[in-house]
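In: this one's structure only:
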């Protein structure tokens, strides 16, 4: 049986390259692709692939939240992160969200196939470039040092914050999330209160710093 895969990356060249390579591999099949996390969650639910490969930084919904939502159900789908970021905050939060693998984009493309086979076998996979980062984070945690911790926001608040940071209006956010404008405004106030941040500019800086979005998202 072939390994069924969904690709999610907002750079078409990367998706095209991955699709071409993976479909040249034996027993691998790319079912679908998308450029945002929200569609990745939908495709994972509809197609039930064996693996979803997620870019960490995508517009509308980032890969961290997409991974969390995919793993929140009883799906057997494995999530793999593919990112240009090797910072411990991104790595830690992807694994906290349930990812089974984390690869950096400057890795050899052959490594992607190796990682897919590894997670299908029930193991975890790390790019060699970030192994040291993960070990350092683990040591800091064990010795009581500062390590990456979950954001003080709910999943919905993180979604709203990303959309705010990407310049969406209350009406646009309400339409994307199927909420009322009043509910969106309530979430915004709760976010500001929790973070003690009271301007959109500072919220945007916070969202970028914590990996919820990127400046060019």
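Out: Right, received. Where do you want to start? Nothing here was measured: the structure is a model prediction, and the numbers come from that model.
In: now stretch 163-182: buried residues?
Out: Judged by neighbour count using 16 or more other CB atoms under 10 Å, the buried positions of stretch 163-182 are 163, 164, 165, 166, 168, 170, 173, 174, 176, 177, 179. All C-beta atoms are positioned from the backbone trio N, CA, C, and that covers glycine.
In: so which of these belong to helices?
Out: The helices in this structure, assigned by DSSP state H, contain 163, 164, 165, 170, 173, 174, 176, 177 from the buried residues of stretch 163-182.
In: coming back round to it: pLDDT and distance to residue 205 added to the buried residues of stretch 163-182, as CSV?
Out: Putting the buried residues of stretch 163-182 into CSV (pLDDT from 0 to 100; distance: CB to CB, whole Å) gives the following:
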residue, pLDDT, distance to residue 205
163, 93, 16
164, 92, 12
165, 89, 9
166, 88, 13
168, 92, 17
170, 93, 20
173, 94, 19
174, 94, 24
176, 92, 22
177, 92, 22
179, 92, 25
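In: including distance to residue 42, could those residues go into CSV?
Out: What follows is the buried residues of stretch 163-182, written out as CSV (distance: CB to CB, whole Å):
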residue, distance to residue 42
163, 17
164, 22
165, 22
166, 19
168, 19
170, 24
173, 18
174, 19
176, 13
177, 14
179, 17
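In: any idea which of the residues you listed is closest to residue 191?
Out: Proximity of these to residue 191 was ranked by CB to CB; the top entry is residue 164 with 7.8 Å.
In: how near is the residue nearest to residue 11 when sequence neighbours are not counted to residue 18?
Out: Closest residue to residue 11 apart from its sequence neighbours, by CB to CB, 6 or more residues apart in numbering: residue 55 at 7.5 Å. With the distance defined as CB to CB, to the nearest Å, residue 55 ends up 10 Å from residue 18.
In: ok so, going back, ok, now which ones touch the residue nearest to residue 11?
Out: Under the criterion of CB atoms under 8 Å, 6 or more residues apart in numbering, the contact list for residue 55 reads 8, 9, 10, 11, 14, 63, 81, 82, 83.
In: may I have the phi/psi pair for the fourth one?
Out: Residue 11 has phi and psi values of phi -110, psi 110 when expressed as degrees, to the nearest 10.
In: that older thread, overlap in contacts of residue 55 and residue 18?
Out: With the criterion set as CB under 8 Å, 6+ apart, the overlap between the contacts of residue 55 and residue 18 is residue 9.
In: so the spatially most central residue of the chain versus residue 199, what's the distance?
Out: Centre of the chain computed as the mean C-alpha position; nearest residue by CA atoms, centre = their mean is residue 63, 1.6 Å away. Relative to residue 199, residue 63 is positioned 27 Å away (CB to CB).
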